[in-house]
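Chemist: Got a predicted structure here, sequence first:
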Amino acid sequence: MQSFFDCAGIVGTGAMGRGIAQMAAQAGVRVWLLDAQPGAAEKAREALAKTWDGLVAKGKLSAADRDACLGRLQVAASAEDLKACDLVIEAIVERLEVKQGLFKQLEDIVAPDAVLVSNTSSLSITAIGAALRHPERFAGYHFFNPVPLMKVVEVIAGLKTDPAVCERLMGFTRAYGHTPVAAQDTPGFIVNHAGRGYGTEALRVVGERVADFATIDRILRDQVGFRLGPFELMDLTALDVSHPVMESIYHQYYEEPRYRPSVITAQRLAGGVVGKKVGEGFYRYVDGAAQVPA
Ligand code: NAI
């Protein structure tokens, strides 16, 4: 496999960071895992070890490759540990000022030619990059959940991104078997813009009491042929991620009514009923299986 990067820092080791770390390690890249929450990066490393054990058990990965992948994963004690990384992928909370602060800090640590990318779902790449001294080495690199299964990765140039950075990311993405797609730096890029109505219209149907959420999911999954219904998808993504994305796209399009977020998801987010990762969203999860609440 052609080597595009030697060492990747993954900042934010939640649902997305873990999957991205898996891809990078499987592509032969050394990976540093960094998270603001104590113990989170260690937990991510343990979860990845289990994932690779599972692949070995299914005959999809050799035991030697599993050991090599695990050997490439290191837990960073602080951002300073990322100084040798030639790629840093950020997958932290979806807030512009927090992401900008992180990249400003990283710029002081990594080499001048290291590539910095954000997995943001909705924020402007140009706006994040505006906080950097060298926005030309910064791009959007947007994966989908679950990362190993969802093969499309959006590569987004901001106004000041060097096109060579995007070319390198496209090559890297192909090297581990995913499909890069160049997207414009517009709110939601391609997938979260084109697919916006899937969630917002379903929420309106529920809000207007036309049908309940489980019926909508069943129909769109079993009759229309989507892999997941809109509420199953919201539970998988989690509302603490997807509701701020809805708000961000709505505001960036100057309060265009068709992007208006739903009071239903706002209330559920306020109540902490955010999705599968906390055991309860639109569905309740018992041993990982969705149950419709009574
Ligand atoms: P998550 O909540 O599962 O994980 C985020 C992780 O980042 C947590 O472990 C948290 O402790 C850590 N974190 C937060 N602030 C930090 C900071 N300042 N420094 C270091 N670590 C920090 O979130 P998830 O779902 O992985 O999303 C992360 C990013 O990826 C967001 O920007 C989101 O919009 C984007 N995204 C999410 C998708 C999804 O389906 N969940 C899909 C594509 C993109």
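Modeler: Nice, I can see it. Numbers count the residues shown, from 1 in each chain.

Chemist: When you work out contacts or count neighbours from here on, use the C-alpha atoms and nothing else.
Modeler: Will do.

Chemist: The helix or strand encompassing residue 214 - what's its average pLDDT?
Modeler: Element membership of residue 214, judged by DSSP states H and E, is helix 213-218. Mean per-residue pLDDT for helix 213-218: 97.

Chemist: Check which element follows it along the chain.
Modeler: Counting by DSSP H and E, what follows helix 213-218 is helix 230-237.

Chemist: Next one: that next one, is it in contact with the ligand?
Modeler: Yes. Part of helix 230-237 sits close enough to the ligand to count as contact by Cα under 6 Å from any ligand atom, namely residue 237.

Chemist: Could you report the pLDDT at the closest residue to residue 182 other than its chain neighbours?
Modeler: Nearest non-adjacent residue to residue 182, counting by Cα to Cα, 6 or more residues apart in numbering: residue 155, 4.9 Å away. You'll see residue 155 listed with a pLDDT of 98.

Chemist: How far off centre is the helix holding residue 214?
Modeler: Here helix 213-218 is found 25 Å from its chain centre; the criterion is Cα atoms, centre = their mean, to the nearest Å.

Chemist: Show residues contacting that helix.
Modeler: By Cα atoms under 8 Å, 6 or more residues apart in numbering, the surrounding residues in contact with helix 213-218 are 202, 206, 228, 229, 230, 231, 232, 282, 292.

Chemist: If we use 10 Å, what do you get?
Modeler: 202-203, 205-207, 210, 220-233, 282-283, 291-293 (Cα atoms under 10 Å, 6 or more residues apart in numbering).

Chemist: In the helix or strand where residue 103 lies, which residues are buried?
Modeler: Per DSSP H and E, residue 103 falls inside helix 96-107. Neighbour-count burial for helix 96-107, counted by 16 or more other Cα atoms under 10 Å, picks out 96, 99, 100, 103, 104, 106, 107.

Chemist: And for stretch 191-209?
Modeler: 192, 193, 196, 199, 200, 202, 203, 204, 206.

Chemist: which one of those is nearest the ligand?
Modeler: The closest of the buried residues of stretch 191-209 to the ligand turns out to be residue 192 (Cα to the nearest ligand atom; 9.1 Å).

Chemist: in which helix or strand would I find that closest one?
Modeler: Assigned by DSSP H and E, residue 192 falls in helix 191-194.

Chemist: just residue 8 next, same as before
Modeler: Assigning secondary structure by DSSP H and E places residue 8 in strand 7-11.

Chemist: so what secondary structure elements neighbour the helix holding residue 192?
Modeler: Judged by 3 or more Cα pairs under 10 Å, 6 or more residues apart in numbering; DSSP states H and E, helix 191-194 is in contact with strand 152-157, helix 239-252.

Chemist: helix or strand right after the first one?
Modeler: By that I understand strand 152-157. Heading C-terminal from strand 152-157, the first helix or strand you meet, by DSSP H and E, is helix 163-175.

Chemist: how far off strand 152-157 does that next one point, in degrees?
Modeler: Angle, helix 163-175 to strand 152-157, by axes from the mean of the first three to the mean of the last three Cα atoms, to 10 degrees: 170 degrees.

Chemist: hang on, the earlier thing: please identify the most buried of the helices and strands packed on helix 191-194.
Modeler: Highest mean neighbour count of the helices and strands packed on helix 191-194: strand 152-157, a mean of 24 (counted as mean count of other Cα atoms under 10 Å).

Chemist: could I have that one exported to PDB, CA atoms only?
Modeler: Taking C-alpha atoms only, strand 152-157 is exported to PDB below (Å, rounded to 0.1, in the frame of the first residue of the first chain):
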ATOM      1  CA  VAL A 152     -17.900   7.500   1.400                       C
ATOM      2  CA  VAL A 153     -15.600  10.200   2.800                       C
ATOM      3  CA  GLU A 154     -16.200  13.800   1.900                       C
ATOM      4  CA  VAL A 155     -13.000  15.800   1.300                       C
ATOM      5  CA  ILE A 156     -13.700  19.600   1.600                       C
ATOM      6  CA  ALA A 157     -11.400  22.400   0.600                       C
END
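
Chemist: So that strand, near the ligand or not?
Modeler: No. Shown here: strand 152-157 not in contact with the ligand (Cα under 6 Å from any ligand atom), separated by at least 9.5 Å.

Chemist: Show residues contacting that strand.
Modeler: Outside strand 152-157, the residues within contact range by Cα under 10 Å, 6+ apart are 117-119, 121, 124-126, 129, 136-144, 147, 163, 165-167, 169-170, 173-174, 177-186, 189-191.

Chemist: rerun at 7 Å
Modeler: 139-143, 166, 178-185 (Cα atoms under 7 Å, 6 or more residues apart in numbering).
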